[in-house]
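Chemist: Predicted model follows, preceded by the sequence.
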Amino acid sequence: MKNSNLSKSLLIWYDSNKRDLPWRSTKATPYNVWLSEVMLQQTTVVTVIPRYTSFLERWPDVRALAGASIDDVLHEWQGLGYYARARNLHRCARVVVEQYGGVFPDDEAALKTLPGIGDYTAAAIVAIAFGNFSTPVDGNIIRVISRLEGLEQVMPAGKGAVRMRMAELVPAKRPGDFVQGLMDLGSMVCTVRKPDCPACPWGSTRGSTRGSARAGPCRARAGGKPQSYPRKAAKKPRPTRYGVIFWLVDQAGRVMTRRRDETGLLGGMMEFPSTPWREQDWTHEDVLSNVPVAGAGLDWQDVPGTVRHTFTHFHLELRILKGHLSSMPETAHDHAIWSVPHDFVDLALPTVMKKVAKLVYSS
DNA sequence: AAGTCGTGGCC
DNA sequence: TGGCCAAGACT
């Protein structure tokens, strides 16, 4: 099948199966497309939709976002994960306002210099928001194109081959719709586990003579095992790390929290003080040398149960020790922020820390 | 260039 | 239930 026919079939399929996503059609401004694409990085559409809507309501344009505090942005982002996205989003908004007069550049290379905008997102903005030719390659497109061509390259390392094929397929006319159609196809039809090949616009075509079926253009389908594409490398096993949380309550009933370092895991988010998280489990003695307040004379009590949480590259098991301060704490330990539980909603708490609070209050 | 970086849903 | 995966970026 000719490239132009592949593109046309896909666009026809897109038009008749289009989902009404809140960042599509008339709402596909550069700001909206950028925001949605960053939120959609490694995150499902179902998860993003409500978060996108409330985010946009709070900060309707790039100037509003640039004027926000990083604390408010992280708070709005809580639970979405990959918190560097929120920090970069905020930085990017400020750069666009300060260096581009509040107008997103339509140039792919310029977009890629902005914080949090990489190969995929820059290309997606060019095609979807500006309607210009580009060749974005995301997980869906890797899967669809790998299957279409039966690519044997290990992905995502071999995504260059996908991008080259995309350059032949993306039409000059509706590049944004084509690209979104490809991603819709990947998430609705050409899925990871059970591809619905009969529903594919690139399915086998009817032969004109006697209605016999001819082979379609998809190599993976012709091979009988479309699920075996894309080829992927074996993954490393995830180790388990251990930590002990100090649930410290002062005489006013406030609980000690603190802000994590700006970079790294859960960067900038709030936490309940903890020992480091390490692969070796903690002895009671080791734990006590990490108590977050000076003058240890505290009576620590075990909170029954364990918090289990899995990050991208390790499992985490947290035990919790509860202690009550008999006198008011000395000044500014670790820049502690003391909050009554009622006010936890004001903190940018990552999900693992919400699990900690939940276990404490259920015991 | 391989590791780091969240979370929830799926089977 | 534990591994896999999702509109990836950054170091």
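Modeler: Perfect, I can see it now.

Chemist: For the residue in chain A that DNA strand B sits nearest to, give me phi and psi.
Modeler: Across chain A, no residue is closer to DNA strand B than residue A:81, which sits at 2.5 Å (C-beta to the nearest atom of the strand). In short, each C-beta sits where N, CA and C put it, glycine included. Phi and psi for residue A:81, reported as degrees, to the nearest 10, are phi 80, psi 170.

Chemist: can you list the residues of the stretch 251-363 of chain A near DNA strand C?
Modeler: A:310, A:312 (C-beta under 7 Å from any atom of the strand).

Chemist: Kindly recompute the last result at 10 Å.
Modeler: Residues of the stretch 251-363 of chain A found near DNA strand C (C-beta under 10 Å from any atom of the strand) are A:263, A:308, A:310, A:311, A:312, A:313, A:315.

Chemist: Redo those as JSON lines? Include neighbour count, secondary structure and pLDDT.
Modeler: Formatted as JSON lines, those follow (neighbours: other C-beta atoms under 10 Å; DSSP: H, G, I helix; E, B strand; the rest coil; pLDDT from 0 to 100):
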{"residue": "A:263", "neighbour count": "9", "secondary structure": "coil", "pLDDT": "93"}
{"residue": "A:308", "neighbour count": "12", "secondary structure": "strand", "pLDDT": "97"}
{"residue": "A:310", "neighbour count": "11", "secondary structure": "strand", "pLDDT": "97"}
{"residue": "A:311", "neighbour count": "14", "secondary structure": "coil", "pLDDT": "97"}
{"residue": "A:312", "neighbour count": "9", "secondary structure": "coil", "pLDDT": "95"}
{"residue": "A:313", "neighbour count": "12", "secondary structure": "coil", "pLDDT": "95"}
{"residue": "A:315", "neighbour count": "13", "secondary structure": "strand", "pLDDT": "96"}
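
Chemist: contacting residues for residue A:169?
Modeler: Taking C-beta atoms under 8 Å, 6 or more residues apart in numbering as the criterion, residue A:169 is in contact with A:3, A:6, A:7, A:178.

Chemist: Which one of these is nearest to DNA strand C?
Modeler: Checking those one by one against DNA strand C (C-beta to the nearest atom of the strand), the nearest turns out to be residue A:178, at 12.7 Å.

Chemist: got the domain boundaries for chain A?
Modeler: Domain assignment for chain A, taken from automatic domain parsing, gives A:3-188, A:240-362.

Chemist: between those domains, which gets nearest to residue A:195?
Modeler: The closest approach between residue A:195 and any of the domains of chain A, judged by C-beta to C-beta, belongs to domain A:3-188 at 7.4 Å.

Chemist: Pull up the distance across the closest one, start to finish.
Modeler: Using C-alpha to C-alpha, to the nearest Å, one end of domain A:3-188 lies 22 Å from the other.

Chemist: cool, stretch A:298-316 as well?
Modeler: 26 Å.

Chemist: do the same with stretch A:288-300
Modeler: End-to-end distance for stretch A:288-300, by C-alpha to C-alpha: 9 Å.

Chemist: what's the farthest-apart pair in the residues of the stretch 251-363 of chain A next to DNA strand C?
Modeler: Greatest spacing in those, by C-beta to C-beta: A:263 and A:308 (25.4 Å).
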